[in-house]
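[1] Got a predicted structure plus its sequence, pasted below:
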Amino acid sequence: MAELSETDKRLTLKLVWYGPAQSGKTTNLMRLHDLAQPELKGEIMTLETQNDRTLFFDLLPIGLHTPTGWFVKLKLYTVPGQVMHDSTRKAVLSRADGVVFVADSQRSQSINNGAAFDNLAENANRVGLDFSILPLVVQFNKRDLPDILSEEEVRARWETAPWPLFFASALQGCGVLETFRALLAAVYRSLDGELALQTRLGLDITGFVDGLSPEIDPS
């Protein structure tokens, strides 16, 4: 859960990219890392298997200054998509403040997408997160590949879902930042409702989301 220090005007959030194996979770984080200026970003750490799949998680700590003087540190993680690593997924998901579900747009991956989403809902409940109110954004990745579901098909399947829906090609960098900003907006709406960030603490949510300025953590 969010770590808040009113004395230091510092807020730390944990954001998790979740989805089936090889859907592009790691590539999303790598593209976000690329978008930050070289002198203003932390290191991205990856532990991979021999076949280049993420085994445990990636961690990309970046910081964002708000117009009202707050420093918001973001810890970005991915989970391993392979079925055998469910215990690691639960550990990484624990205490998350928001989640991006990264689906694979290829038609052949529809079943895997559904199983991974069900796994997200189950694991959220297992680690004490209320899935019904968890800030969540859905991204259909790999739009650059052939034989993918059309946007119309995806929207038809997800039209009753309450979560924002984005289309992306993380490999090309398309849709990655838009997904990230939507997640931040959802997380801050949730926190503002719980902690009255704007009225009680002067944390300008709108200005923060609209004016992203990645910086390395000064501590």
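    Now that the structure is in, tell me what you want to look at. Residues are numbered from 1 along each chain as shown.
[2] Next, count neighbours for H65.
    The tally of other residues near H65 (other CB atoms under 10 Å) stands at 16. Glycine gets a C-beta too; all of them are placed from N, C-alpha and C.
[3] ditto for I111
    The burial count for I111: 9, using other CB under 10 Å.
[4] Can you list the low-confidence ranges for the protein?
    Within the chain, the segments meeting pLDDT under 70 span 36-41, 47-58, 205-219.
[5] now the strands for it?
    In the chain, the strands defined using DSSP state E lie at 3-5, 10-18, 59-65, 71-78, 98-104, 136-141, 165-167, 214-215.
[6] Could you save these as JSON lines and add columns showing distance to D86?
    Shown next, in JSON lines, are the strands of the chain (distance: least, CB to CB, whole Å):
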{"stretch": "strand 3-5", "distance to D86": "26"}
{"stretch": "strand 10-18", "distance to D86": "12"}
{"stretch": "strand 59-65", "distance to D86": "20"}
{"stretch": "strand 71-78", "distance to D86": "15"}
{"stretch": "strand 98-104", "distance to D86": "16"}
{"stretch": "strand 136-141", "distance to D86": "19"}
{"stretch": "strand 165-167", "distance to D86": "26"}
{"stretch": "strand 214-215", "distance to D86": "32"}
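[7] contacting residues around S23?
    Contacts for S23 (CB atoms under 8 Å, 6 or more residues apart in numbering) come out as 81, 102-104, 109, 113, 116, 141-142.
[8] List just the nearest of these to C174.
    N141 (9.6 Å; CB to CB).
[9] and the angle from the biggest helix by length in the chain to strand 98-104?
    Taking DSSP state H as the assignment, the helix of the chain that covers the most residues is helix 176-195. With axes from the mean of the first three to the mean of the last three CA atoms, to 10 degrees defining the directions, helix 176-195 sits at 150 degrees from strand 98-104.
[10] got the buried residues for helix 176-195?
    When burial is assessed from 16 or more other CB atoms under 10 Å, helix 176-195 yields the following buried residues: 176, 179-180, 182-188, 190-192, 195.
[11] Kindly report the same for stretch 157-177.
    Buried, per 16+ other CB under 10 Å, within stretch 157-177: 163-171, 173-176.
[12] For these, give me a markdown table that also has distance to S87.
    Shown next, in a markdown table, are the buried residues of stretch 157-177 (distance: CB to CB, whole Å):
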| residue | distance to S87 |
| --- | --- |
| W163 | 26 |
| P164 | 29 |
| L165 | 29 |
| F166 | 29 |
| F167 | 31 |
| A168 | 28 |
| S169 | 31 |
| A170 | 26 |
| L171 | 29 |
| G173 | 32 |
| C174 | 33 |
| G175 | 31 |
| V176 | 28 |
